[in-house]
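Q: I would like the atomic coordinates for the input below:
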Amino acid sequence: MQRHPHENTTGSDLPALVTPLPGPASTALVDVLARHECPAITARRARRAASLGVADTDPFVWETAVGANLWDADGNRLVDLTAGFGVATVGHRDPAVVAAAHAQVDRLLHAMGDAYPDVTRIRLLEALAAACPDGLDHAILGLSGADAVDAVVKTAVLATGRDGVLVFEGSYHGLSLGTVPLQAYKASFSDPFRGITHPHVHVLPFGCDPADVGALVQREGIGLVLVEPIQGRGGIRVPEDGWLRRVHREARAHGALVAHDEIQCGLGRTGAVWAGDVTPDLLAVGKALGGGFPLSAAVGTSAAMGAWGASKGEAIHTQTFLGHPVGCAAALAVLGQLDTMTARCAERGARLAGRLAAEGLTVQGRGLMLGVVLPDAYGVHRRLLARGYLALPAGMQGEVLALTPPSVLSDAQIDGFVEALVEVA
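A: Residues are numbered from 1 along each chain as shown. Alright, predicted model coming up:
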């Protein structure tokens, strides 16, 4: 297996491909994967495509990453415009995150969830409260974005006594059994499980008349309005100014809580610490929080979280790995750089958006959460990948090329990407 000398780079380099993608090492590894992983997992797409009579290829297989670069199993160097689904906002293998994780591994690998907490978890909860909007200072930790949304929904049910949830067309809040009925992105994700999932989920268009929110909340007895301040998988969609604030006003006037899903758009990604311009009752946080480690949080006001009541001896919401020490240590390192990371997202995003607009491309989003509107975003992402740039299509019809790169993306990487995009679009 070829190795690229990646240890001496900061991750700010242009692509360098030594094989076509996927290369032979990646293909051999996916052969192994196909023998052992559930066929539903997308990495087996070439074999699925063959059975359907359509064209597709094996994915490349990641081996290592640093900054905004990644290397595959064949030694190909790519530029990552996804940050690994928006996770590596601070950069892949950020030195502070790596150092914090190593130090924690040397001290404590595992504690006891809700029963006997550890020092690092307590310090993280304090730091997270300080980073959140005023009044959001009580949290339930989890391991995934879906965990955070599950906790948000449970909290709202307890706080309001209502089990109805309102979401918006194009929304994506995870695919766990609890969250899959809340997505309004692809019916195929939730249809097979409708018989055993939450039946009281209502959908309105994203950006709808806020009065429709109030009317539906009142008519259906909805207890939670769940919204992404900027939709991610739905196509990097930004509502008009003031819409979110008016939705809050309508929901609260009829007794519902409002939760922001900032799993993708939060923690500096949009050039502001939080994408929402109004403080919610509940906030779902994830992706960038752990700097690459699985960690999430549902954060709420004392009034909302107080609905759980005092423990009666057995926690009614917990996990074995709740507040895992290594993830909490990594998150502390991320939060320690939050202001710098946010400023980088604002500055890098302005440069990237400016370069794209100068080429006559239609760009939407904020900071380093951008979408380029293209009639063939899927085909464009495939052609970009052949040149060493990893980006993903998004949107209800796959009409947007989503760009959520690490905040350490270099000038050369921005310029190289834009030039490649213009050539292949």
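Q: rest of the way, CA atoms for contacts and neighbours
A: OK.
Q: Sketch out the strands for the stretch 51-200 of the chain, chain order is fine.
A: Secondary structure of the stretch 51-200 of the chain, counting by DSSP state E, counting those that start in this stretch: strands at 62-66, 69-72, 77-80, 138-142, 164-168.
Q: Out of the ones you listed, which is the most enclosed?
A: Of the strands of the stretch 51-200 of the chain, the one with the most neighbours on average (mean count of other CA atoms under 10 Å) is strand 77-80, at a mean of 28.
Q: and the strands of the stretch 51-200 of the chain as a markdown table, adding distance to residue 181 and mean pLDDT?
A: Formatted as a markdown table, the strands of the stretch 51-200 of the chain follow (distance: least, CA to CA, whole Å; pLDDT from 0 to 100):
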| stretch | distance to residue 181 | mean pLDDT |
| --- | --- | --- |
| strand 62-66 | 31 | 98 |
| strand 69-72 | 34 | 98 |
| strand 77-80 | 31 | 99 |
| strand 138-142 | 20 | 98 |
| strand 164-168 | 10 | 99 |
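Q: which stretch among these comes nearest residue 391?
A: Residue 391 sits nearest to strand 77-80 of all those, at 7.0 Å, using CA to CA.
Q: what residues are up against residue 236?
A: 230, 364, 365, 369, 370, 371, 394, 395, 400, 402 (CA atoms under 8 Å, 6 or more residues apart in numbering).
Q: and the second one, what helix or strand is that in?
A: Just to be clear, that refers to residue 364. Using DSSP states H and E, residue 364 maps to strand 363-366.
Q: How far away from the center of its chain is whichever helix or strand comes after that strand?
A: Note on strand 363-366: by DSSP H and E, the next helix or strand toward the C-terminus is strand 369-373. Per CA atoms, centre = their mean, to the nearest Å, the displacement of strand 369-373 from the mean C-alpha position of its chain is 15 Å.
Q: other SSEs contacting strand 369-373?
A: helix 338-358, strand 363-366, strand 400-403 (3 or more CA pairs under 8 Å, 6 or more residues apart in numbering; DSSP states H and E).
Q: so for it, what's the average pLDDT?
A: Per-region confidence: strand 369-373 scores 99 on mean pLDDT.
Q: just the strands in the stretch 251-400 of the chain please.
A: Under DSSP E, counting those that start in this stretch, the stretch 251-400 of the chain gives strands at 257-261, 282-285, 296-300, 363-366, 369-373, 389-390, 392-394, 400-403.
Q: average model confidence for the fourth one?
A: The reference is to strand 363-366. In the prediction, strand 363-366 has an average pLDDT of 99.
Q: Tell me which residues are up against that strand.
A: 230, 236-238, 270-271, 346, 349, 353, 356-357, 370-373.
Q: That one: partners in the sheet, and parallel or antiparallel?
A: Next to strand 363-366 in the sheet, as set by DSSP bridges, lie strand 369-373 (antiparallel).
Q: tell me the angle the strand it pairs with makes with helix 338-358.
A: Using axes from the mean of the first three to the mean of the last three CA atoms, to 10 degrees, the inter-axis angle of strand 369-373 relative to helix 338-358 is 10 degrees.
Q: Just give the nearest non-adjacent residue to residue 370, would you?
A: residue 403 (5.1 Å; CA to CA, 6 or more residues apart in numbering).
Q: scratch that, residue 327
A: residue 293 (5.3 Å).
Q: Same check on residue 406?
A: The nearest residue in space to residue 406 (CA to CA, 6+ apart) is residue 89, at 4.4 Å.
Q: my guess is the one you found meets residue 290, correct?
A: No. Under the criterion of CA atoms under 8 Å, residue 89 is not in contact with residue 290, lying 10.0 Å apart.
Q: quick one: which of these two has more around it?
A: residue 89 (34 against 25; other CA atoms under 10 Å).
Q: Identify the residues contacting that one.
A: 83, 269, 288, 291, 341, 405, 406, 407 are the contacts of residue 89 under CA under 8 Å, 6+ apart.
Q: what separates it from residue 252, distance-wise?
A: 33 Å (CA to CA, to the nearest Å).
Q: and if you look at residue 162?
A: 13 Å.
Q: pLDDT below threshold where in the chain?
A: Filtered on pLDDT under 70, the chain yields the residue ranges 1-8, 42-56.
Q: Dead centre of it: give me the residue that sits there.
A: residue 264 (3.3 Å; CA atoms, centre = their mean).
Q: ok, that residue touching residue 286?
A: Yes. At 7.1 Å, residue 264 counts as touching residue 286 under the criterion of CA under 8 Å.
Q: how many other residues sit next to the residue lying closest to residue 300 once chain neighbours are set aside?
A: The shortest distance from residue 300 to any non-neighbouring residue, by CA to CA, 6+ apart, is to residue 282 (4.3 Å). When neighbours are counted by other CA under 10 Å, residue 282 registers 28.
Q: likewise the one 3 residues further on?
A: The number of residues packed near residue 285 is 30, by other CA under 10 Å.
Q: let's number from 18 now, not from 1
A: Sure thing, new numbering starts at 18, so read that last one as residue 302.
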